[in-house]
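Student: coords please:
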Amino acid sequence: MTQLVLWDIDHTLVDTRGVGRSLFAEAFRKATGQEMREQAKVDGMTDPVIFRETAKLHGLTTTRADFQAFAQTLGEEHVRCAAALRERGHALKGAASVLRALSAYGLRQTVVTGNIRAAAEVKIAAFGLDHHLDLSIGAYGEDADERAELVALALERADRQASVAVLVGDTPADVKAGLSAGVRVIGVATGRSSADDLHEAGAIEVLSDLSDTSSVLRALTRRA
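Tutor: Now for the predicted structure:
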């Protein structure tokens with residue numbers, strides 16, 4: 001049976017309604033000295049990859065040290081703008097109820113996200129979703145470039161085998177990352193990817209959203 005639930009954050013649990021992009025752009029400007037004219041693909045990508053590819057779009061070649069400077073600034077921007085995030089963004093429908101119900105079942109929950117940890121913590125706390133998530137065992141953008149590595153790292157930190165874990169995400173990249181680590185994956189079609197996209201990527205089940213707590217619980221806790 002499921003013992004560990006690994007949650008993606010953006011468009012799975014929360015929607016920042018454009019605030020996240022604005023904070024990324026401001027951190028990019030401060031870290032590189034250039035205004036961000038365009039941003040690389042973000043769906044399913046990690047922050048170091050998004051930063052590197054966005055820099056390339058601006059004719060810049062970056063190092064790990066450049067990313068670390070950017071990440072520091074990005075975290076500070078999220079802390080500074082937490083109130084704006086609460087005002088403009090929102091938790092997705094049903095997210096709080098599902099997290100609370102899974103916690104009541106005694107399941108351990110954390111996040112596997114391309115966000116750096118500082119940004120992830122602000123996003124989760126801004127909408128009151130942090131109470132039932134053990135962020136100490138999560139895996140974050142600064143931990144690895146590839147999402148599959150993040151899944152493996154979260155399993156290691158939780159001291160759990162893939163067979164007792166389930167990952168919930170809204171992009172084909174989430175699905176493929178979970179499957180590559182041997183984790184069962186539930187897709188949720190609350191982002192830009194369709195239910196068909198998530199099925200085709202290999203999700204064993206796809207939910208339209210998290211609003212029906214009973215249905216979500218059944219999907220997450222049933223045997224593989």
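
Student: ok, which stretches of the chain are strands?
Tutor: 4-7, 14-15, 90-91, 108-111, 165-169, 184-188, 205-207 (DSSP state E).

Student: deepest of those strands, which one?
Tutor: strand 165-169 (a mean of 27; mean count of other CB atoms under 10 Å). Every residue, glycine included, has its C-beta placed from N, CA and C.

Student: what pairs with it, and is each one parallel or antiparallel?
Tutor: Using DSSP bridges, the strands paired with strand 165-169 are strand 4-7 (parallel), strand 184-188 (parallel).

Student: just to revisit the earlier point, the strands of the chain into a markdown table, with extra columns for distance to Arg157?
Tutor: Formatted as a markdown table, these follow (distance: least, CB to CB, whole Å):
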| stretch | distance to Arg157 |
| --- | --- |
| strand 4-7 | 10 |
| strand 14-15 | 22 |
| strand 90-91 | 24 |
| strand 108-111 | 8 |
| strand 165-169 | 12 |
| strand 184-188 | 19 |
| strand 205-207 | 26 |
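
Student: returning to that earlier point: export the strands paired with strand 165-169 to CSV and append columns for mean pLDDT.
Tutor: As requested, the strands paired with strand 165-169 are arranged in CSV below (pLDDT from 0 to 100):
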stretch, mean pLDDT
strand 4-7, 98
strand 184-188, 98
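
Student: Go through the ones you listed and name the closest to Ser136.
Tutor: strand 4-7 (13.3 Å; CB to CB).

Student: How about residues contacting that closest one?
Tutor: Contacting residues not belonging to strand 4-7 are listed as 13, 102, 107-113, 133, 151, 154-155, 158, 160, 164-169, 178, 183, 220 [CB atoms under 8 Å, 6 or more residues apart in numbering].

Student: rewinding a little: between the strands of the chain, which one is nearest to Ala69?
Tutor: strand 108-111 (23.9 Å).

Student: which other helices and strands contact the closest one?
Tutor: Judged by 3 or more CB pairs under 8 Å, 6 or more residues apart in numbering; DSSP states H and E, the packing partners of strand 108-111 are strand 4-7, helix 95-104, helix 147-158.

Student: What is the neighbour count of Leu135?
Tutor: 15 (other CB atoms under 10 Å).

Student: what's the distance between it and Ile116?
Tutor: 12 Å (CB to CB, to the nearest Å).

Student: repeat for His78
Tutor: 9 Å.

Student: what's the closest of the strands paired with strand 165-169 to Gly89?
Tutor: strand 4-7 (16.3 Å).

Student: Surely His78 and Lys123 touch.
Tutor: Yes. At 7.3 Å, His78 counts as touching Lys123 under the criterion of CB atoms under 8 Å.

Student: mind listing the helices in this structure by residue range?
Tutor: Assigned by DSSP state H, the chain shows helices spanning 19-32, 47-57, 64-80, 82-88, 95-104, 117-126, 147-158, 172-180, 195-201, 213-221.

Student: Of the ones you listed, give the one that comes closest to Gly141.
Tutor: Nearest of the helices of the chain (CB to CB): helix 47-57, 3.5 Å.
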